[in-house]
Structures are given as structure tokens and as C-alpha cells.
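S.K.: Compute the structure for the input listed below.
(one chain, ligands or ions: 2)
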Amino acid sequence: MRQYTGLDHLIHSFDQALRSLVPGATTAQRENPAASKDSMLNVSDARHIAGLMRVNHTGEVCAQALYHGQALTAKLPTVRKEMEQAAIEEQDHLAWCEDRLRELDSHPSLLNPVWYTLSFGMGALAGVMGDKYSLGFVAETERQVSLHLQDHLSQLPEQDERSREILEQMNEDELHHRHTALEAGGVELPGAVKLTMTAISKVMTTTSYYI
Ligand SMILES: [Fe+2]
Ligand SMILES: [Fe+2]
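M.R.: Ligands and ions are numbered 1, 2, ... in the order given. So this is what the prediction gives:
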């Protein structure tokens, strides 16, 4: 089997980053859950939902980066397959959010490269700390993402079934990813780390809504 050099890893990481950041470069493996649903929105609702979906899209860009960074440094001998499956499901989320943004005549956040880079670094650092922390980091991330999704679901107007179907499926998947990470031995992170993660995500969600 071929041994990969540092340069190979660098090129692979760059390729993964481009696929996550360039609109249309990621395709979903599962059908978009909104496929058969309707949504008639007035202009101001559509604008608000586009903001929410932009936040969710950036969250999914961060999820890609987190899994990519983690895969580079973590050992994960027993759970690599589950983590790879989770990463594939995150690609579905990314593509579905992108579809919805396009339908709403909007665009992904311009700050995504910044958030990708930061999340990649955090994922790689968590991987270096050891598998139980790395998995604990995934579990905590998914918990926080799920809280955001539930908040966004509560803000959707009743008639926006298309966004609702997407966010509900994402929430279900994220909670499953959390469960998988905990089952695999992820530990509870120190309170200070969790607070830092919450603070960073607050900056991300606030900026991505607008830009
Ligand atoms: Fe996701
Ligand atoms: Fe997830």
C-alpha cells in the first residue's frame, strides 16, 4: 500500500477545503428531504429564512472542516468508519442547505473560508488531544448544533415546509452523530472549553446571518 507524504496530505486537505467551500462542489447522497414539499413565502419571511439557512450552511461548512481536521490527526482505530459515515451525512446537510439558499435567491456566507480554517484547526487540535477528547468535541459540537436547529425550527413560518423538512432531518442526524461519538467513548469536555465553543459559535451565527 502506498505511503502518503506530508505533501500528499496537504494536497488532500486543500482539495477537501475547496469541495466544502465552492458552491455546487458537494453533492448529496440522499434525496433532499424537501423534495415533495411546498413553501410560499412573503419577501420579509424569505429574507429571514435565507439568513437562518446561511447560518446553518456555515455550520455545515464547519462540520466538514471539523471532521477533516480530526481525520488528519485522530487515531480513531475502532470508530473511523462511523466518523466517515457522519462526515458523508454532513455533506448531505451542506448540499441541502445550499439548495435551499439558492431557492431563496440567496448565497452562502462570504466568511466561510475563515470559519472553515478555524474549525479545521480546532478539529485537528482535538484529534491530537486523543480520541476520547476528539469524540467528546464532536459530541459537544453536535449538541450545540442541535440546539441551534431547534431554535431555527421554532422560527420558521408554518408554511415553510421545505426548510422544515431539511432542518428536521439534519437535527435527527446530528443527534445520532452525538450519540455515536458518546458511545465510542467521547468524554464530557471541561466547562471552559464548552463556553469557548459557545462563544465562537455565537460570533459565527451572528455574522453569517448577515454576511
Ligand atoms: Fe450537519
Ligand atoms: Fe453532525
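S.K.: which other helices and strands contact the helix or strand that contains Asp151?
M.R.: Element membership of Asp151 [criterion: DSSP states H and E] is helix 131-155. For helix 131-155, the packing partners by 3 or more CB pairs under 8 Å, 6 or more residues apart in numbering; DSSP states H and E come out as helix 43-73, helix 112-129, helix 161-183, helix 191-210. For every residue, glycine as well, the C-beta is placed using N, CA and C.
S.K.: Using neighbour counts, pick out the buried residues of the third one.
M.R.: By neighbour count on 16 or more other CB atoms under 10 Å, the buried set for helix 161-183 is 161-167, 169-171, 173-174, 177-178, 180-182.
S.K.: Please state the offset of that helix from the chain centre?
M.R.: 11 Å (CA atoms, centre = their mean, to the nearest Å).
S.K.: same question, the first one
M.R.: Between the mean C-alpha location of helix 43-73 and the chain-wide mean there is a distance of 5 Å, by CA atoms, centre = their mean.
S.K.: Next, the angle helix 191-210 makes with that helix.
M.R.: 140 degrees (axes from the mean of the first three to the mean of the last three CA atoms, to 10 degrees).
S.K.: change the start of the numbering to 737 and stick with it
M.R.: Sure, I'll start numbering at 737, so the last one becomes helix 779-809.
S.K.: how big is the angle separating the helix holding Asp887 from helix 848-865?
M.R.: Using the same axes, to 10 degrees: helix 867-891 against helix 848-865 is 140 degrees.
S.K.: So for helix 867-891, what gets flagged as buried?
M.R.: Neighbour-count burial for helix 867-891 [16+ other CB under 10 Å]: 867, 869-882, 884-885, 888.
S.K.: Would you mind measuring from whichever residue of the chain sits closest to ligand 1 to ligand 2?
M.R.: Of all residues in the chain, the one sitting closest to ligand 1 is His829 (3.7 Å; CB to the ion). According to CB to the ion, to the nearest Å, His829 and ligand 2 sit 7 Å apart.
S.K.: What count of nearby residues applies to the nearest residue to that residue once chain neighbours are set aside?
M.R.: Counting by CB to CB, 6 or more residues apart in numbering, the nearest residue to His829 once its immediate chain neighbours are dropped is Glu796, at 4.6 Å. For Glu796, the count of nearby residues is 24 (other CB atoms under 10 Å).
S.K.: what residues are up against Glu796?
M.R.: Glu826, His829, Leu830, Cys833 (CB atoms under 8 Å, 6 or more residues apart in numbering).
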